[in-house]
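A predicted structure for the sequence below; I have some questions about it.
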Amino acid sequence: MQEKGGLDLLGESTYLLSNLNPEPFSHSCPVPLSTARCGERLRVVEVRPGSPACLRLREMGLCESAEVCKLSDGSALVCIVQGVRLAIARKLGADVLVQPL
């Protein structure tokens, strides 16, 4: 370990890293489905009404208060909604706001 001016550099960086929050978002802050983590159970908070496919997303079950589990994260987002696997474009996933359960 190297000290500079009485400060343990390795210990300081370890302290700073240990205080970082590994969660990408808190339970109170909705985020787009496209940025949510895979494998996490989520609840849909809002489907943005300005989305061109808003009505279609709602018809497929991605509506407010629906439970979603995001399975994969690529150019298409694969999710389980009401027991059915759905794949939607990443761009559409940005219009669905979710919170972790």
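In hand now; what should we look at?

and the residue nearest to residue 54 when sequence neighbours are not counted, what are its bridge partners?
In this structure, residue 54 finds its nearest non-sequential neighbour in residue 47, 5.5 Å apart by Cβ to Cβ, 6 or more residues apart in numbering. Using the backbone N, CA and C atoms, a C-beta is placed for each residue, glycine as well. Residue 47 has these beta-bridge partners by DSSP bridges: residue 96.

next, count neighbours for residue 47.
20 (other Cβ atoms under 10 Å).

so who does it touch?
54, 57-58, 62-64, 95-97 (Cβ atoms under 8 Å, 6 or more residues apart in numbering).

same question, residue 61
81-82, 84, 86.

low-confidence ranges in the protein?
1-28 (pLDDT under 70).

follow-up on the earlier one: nearest to residue 29 among the contacts of residue 47?
The nearest member of those to residue 29, counting by Cβ to Cβ, is residue 97 at 9.7 Å.

does the closest one really touch residue 42, like I thought?
No: here residue 97 lies out of contact with residue 42, judged by Cβ atoms under 8 Å, at a distance of 9.8 Å.

the two - which one has more neighbours?
residue 42 (22 against 19).

how about the nearest residue to that one, chain neighbours excluded?
Closest to residue 42 by Cβ to Cβ, 6+ apart is residue 98, at 4.1 Å.

before we move on, the earlier item: by neighbours, which of the contacts of residue 47 wins?
residue 96 (29 neighbours).
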